[in-house]
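Novice: what follows is a predicted protein model with its sequence.
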Amino acid sequence: MFSTQEDEIIDVSNTLEEDRLPESSPQSVKDTDSVSLKNNSKLTTTSSSSSINANKRYISKFKKEWLSNPRYSSFLKECKTDQTKALCIICNIQFSIQNSGIGDVNSHMKTKKHQDNVKSAEANKSKPIDASFSTTTSELDRLSAAEDSSIAKNITCHKTKAREIACNVLAPAFTNTIIQDLQNVSYFSISYDASSKGNAKMLPVVVQYFSKIGVNHGIIEFIKQQHETADKLFANIKYVLETNELKLEQLSSIGSDNTNVNIGQHHSVFVLFNQLIPGLIQGKECDNVQIY
């Protein structure tokens, strides 16, 4: 009787243990492993994409609208070889703008080197130039401008154009300079000599005077002389002096070659001028080469 009860108790306990422990089949284990692999794959993809986004950064490039801003236009230039850099023509350097763009430009403006260079540039720009060097500097500027000018390189100058420039531009300018000097001196002298060019006789009138830089001379007129007589020469020379508003009483001497028409004792150009201007000095007789 006792053995039967004991067997029943053992059977019940085994049944309870079987109910408590779930069955794990091979298929369920396989499904569980598949789910875990998928979850691990999703975690790996998410972590890699987040790391790529973290490493990806926006790079600033130069914008041409910055040049229209008066704050930057005086020094800022575009770097043609690298759009992530800008040029400062005052500091003569290039700097990176890839981090914050215009912020990098503002940071460069605040540097001590840039501010010192700006002050130096403004001081040199407003510094007056000594008058004794102004003429030389302007001549050099004009020369360099002509050499660098693309317009000047395309200009041709043959005999017709060269003659017009010499006769109608340069000659009037030089003559005007001489006339202005003569109006501010006490005395001056003239020399002349008629010469033939084909059928036309030419009469150059040359003046000589003391200026601030020493003895100066130049041609004030070059006219055609049809008749080489004393009266005609006297009238033409007197006309040249009066036309240029030169005072006859300031004429100190006359120079010419040694012909009777010019220096004869009775009726010559010198005698006619000496009657008009007493005390006139007769210049040394000379050849044409010495007059010119």
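Specialist: Everything's here; your move.

Novice: what segments of the stretch 101-250 of the chain are strands?
Specialist: Here the stretch 101-250 of the chain has its strands, by DSSP state E, counting those that start in this stretch, at 188-192, 195-197, 200-211, 214-224.

Novice: which neighbours in the sheet does the last one have, and how are they oriented?
Specialist: Paired with strand 214-224 in the same sheet, following DSSP bridges, are strand 200-211 (antiparallel).

Novice: can you pull the buried residues of the strand it pairs with?
Specialist: Buried residues in strand 200-211, counting neighbours by 16 or more other CB atoms under 10 Å, are found at 203, 204, 205, 206, 207, 208, 209. Using the backbone N, CA and C atoms, a C-beta is placed for each residue, glycine as well.

Novice: closest one of those to residue 99?
Specialist: Comparing the buried residues of strand 200-211 against residue 99 with CB to CB places residue 209 closest, at 71.6 Å.

Novice: was I right to think that closest one contacts residue 187?
Specialist: Yes. Between residue 209 and residue 187 there is a contact at 7.3 Å, judged by CB atoms under 8 Å.

Novice: can you list the buried residues in stretch 270-289?
Specialist: Across stretch 270-289, burial judged by 16+ other CB under 10 Å covers 270, 271, 272, 273, 280, 282, 283.

Novice: so which of those are in strands?
Specialist: Per DSSP state E, strands hold the following members of the buried residues of stretch 270-289: residue 282.

Novice: out of the buried residues of stretch 270-289, which sit inside helices?
Specialist: Secondary structure from DSSP state H places 270, 271, 272, 273 of the buried residues of stretch 270-289 in helices.

Novice: closest to residue 103 out of those residues?
Specialist: For these, the closest approach to residue 103 (CB to CB) belongs to residue 273, at 83.9 Å.

Novice: and that closest one, how far is that from residue 223?
Specialist: Distance from residue 273 to residue 223, counting by CB to CB, to the nearest Å: 17 Å.

Novice: same question, residue 255
Specialist: Here residue 255 is placed at a distance of 18 Å from residue 223 (CB to CB).

Novice: follow-up on the earlier one: between the buried residues of strand 200-211, which is nearest residue 154?
Specialist: Taking CB to CB as the measure, residue 154 lies nearest residue 204 of those, at 36.0 Å.

Novice: my guess is the closest one contacts residue 192, does it?
Specialist: Yes. Taking CB under 8 Å as the definition, residue 204 is a contact partner of residue 192 at 6.5 Å.

Novice: where does the stretch 101-250 of the chain dip in pLDDT?
Specialist: The stretch 101-250 of the chain contains residues with pLDDT under 70 at 125-149.

Novice: which residue ranges of it form helices?
Specialist: Taking DSSP state H, counting those that start in this stretch as the test, the helices found in the stretch 101-250 of the chain are 102-109, 112-126, 131-148, 150-153, 159-165, 171-182, 230-243.

Novice: quick one on the thing from earlier: got CSV for the buried residues of strand 200-211, with distance to residue 246 too?
Specialist: As requested, the buried residues of strand 200-211 are exported to CSV (distance: CB to CB, whole Å):
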residue, distance to residue 246
203, 17
204, 16
205, 11
206, 13
207, 8
208, 13
209, 10
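
Novice: and residue 152, how many neighbours?
Specialist: Using other CB atoms under 10 Å, residue 152 has 10 neighbouring residues.

Novice: over to residue 84?
Specialist: Neighbours of residue 84 (other CB under 10 Å): 15.

Novice: contacts only, for the residue lying closest to it once chain neighbours are set aside.
Specialist: Distances taken as CB to CB, 6 or more residues apart in numbering place residue 98 nearest to residue 84, at 4.0 Å, with adjacent residues excluded. Going by CB atoms under 8 Å, 6 or more residues apart in numbering, residue 98 touches 59, 60, 61, 84, 85, 104.

Novice: so what are the domain limits for this structure?
Specialist: 27-56, 64-120, 162-291 (automatic domain parsing).
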